[in-house]
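> fold the following.
(2 chains)
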Amino acid sequence: SQKIEQNSEALNIQEGKTATLTCNYTNYSPAYLQWYRQDPGRGPVFLLLIRENEKEKRKERLKVTFDTTLKQSLFHITASQPADSATYLCALDDSTGGSYIPTFGRGTSLIVHP
Amino acid sequence: NAGVTQTPKFQVLKTGQSMTLQCAQDMNHNSMYWYRQDPGMGLRLIYYSASEGTTDKGEVPNGYNVSRLNKREFSLRLESAAPSQTSVYFCASSEDRAPLPIYGYTFGSGTRLTVV
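Next up is the predicted model:
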């Protein structure tokens, strides 16, 4: 069966360090993968999208990698700040059926300590 | 501010009651979606509409109906609410899916529904 896995345990890091979050998937052939941020009581907010033929994408302090061989995406936040504390969701589309409806992982909570 | 607006923000229903969750977007997006989010379950797709006049079932459509009223509005109806439908409901929209989206999905702030 299809599965998207994100670490259910919260990631605790010190301010200024690089946070790395992982998204693994099985039985998908995604055309692209997305990362979202969700704060408590709010809807997810789109951060980055990376296509299957792209290895890496950057946006300010954010970097996403996409390895379709390993079936894994890594999401990095450099020089992390307490304001980066949130839950981060990955989402990917299964293009095999001809549709592009995103399926979301359960998210990983990031806590940045001052 | 441009975006996705959901109403109401909070609702308590008794088992068996009906209600409609409203969603409107002002970004001229063609595609709209309804998700529910439960603790430990993540976001699950209920229904989606790829364009005005079309709707399709998602992963968990049972107990729900939808209406794509026009390009801006996509409503979700619970005909006979059950405690299992207690959840946070999110509406989202996106640009056309073909070609592939560039800007991701825009979500509303959610409706917190409790069925007692």
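> may I have the secondary structure class of the residue nearest the centre of chain B?
Most central in chain B under CA atoms, centre = their mean is residue B:34, positioned 2.5 Å from the mean C-alpha point. Of the three states, residue B:34 takes strand under DSSP: H, G, I helix; E, B strand; the rest coil.
> what does residue B:71 give?
coil.
> tell me how far residue B:109 lies from residue A:42.
Applying CB to CB, to the nearest Å, the value for residue B:109 to residue A:42 is 6 Å. Quick note: C-beta positions are derived from backbone N, CA and C, even for glycine.
> who's in contact with the residue nearest to the centre of chain B?
By CB atoms under 8 Å, 6 or more residues apart in numbering or on different chains, the contact list for residue B:34 reads B:21, B:23, B:45-48, B:58, B:64, B:66, B:74, B:76, B:89-92.
> any idea how far the residue lying closest to residue B:51 once chain neighbours are set aside is from residue A:4?
Excluding the flanking residues, the one nearest residue B:51 by CB to CB, 6 or more residues apart in numbering or on different chains is residue B:30, at 5.0 Å. Computed as CB to CB, the residue B:30 to residue A:4 distance reads 25 Å.
> what's opposite the spatially closest residue to residue A:63 that is not a sequence neighbour in the beta bridge?
Among residues not flanking residue A:63 along the chain, residue A:76 sits closest, at 4.4 Å (CB to CB, 6+ apart). Residue A:76 has these beta-bridge partners by DSSP bridges: residue A:20, residue A:63.
> tell me how far residue A:76 lies from residue B:33.
28 Å.
> more neighbours: which of the two?
Neighbours were counted for residue A:76 and for residue B:33 using other CB atoms under 10 Å in any protein chain shown; residue B:33 has more, 25 against 16.
> one step back: ok, the residue nearest to residue A:63 - contacts?
A:18-21, A:62-65.
> which one among the residues you listed gets closest to residue A:107?
residue A:21 (9.2 Å; CB to CB).
> quick check: the closest residue to that closest one other than its chain neighbours vs chain B, distance?
Closest residue in space to residue A:21, ignoring its immediate chain neighbours: residue A:75 at 4.4 Å, by CB to CB, 6+ apart. According to CB to the nearest CB, to the nearest Å, residue A:75 and chain B sit 14 Å apart.
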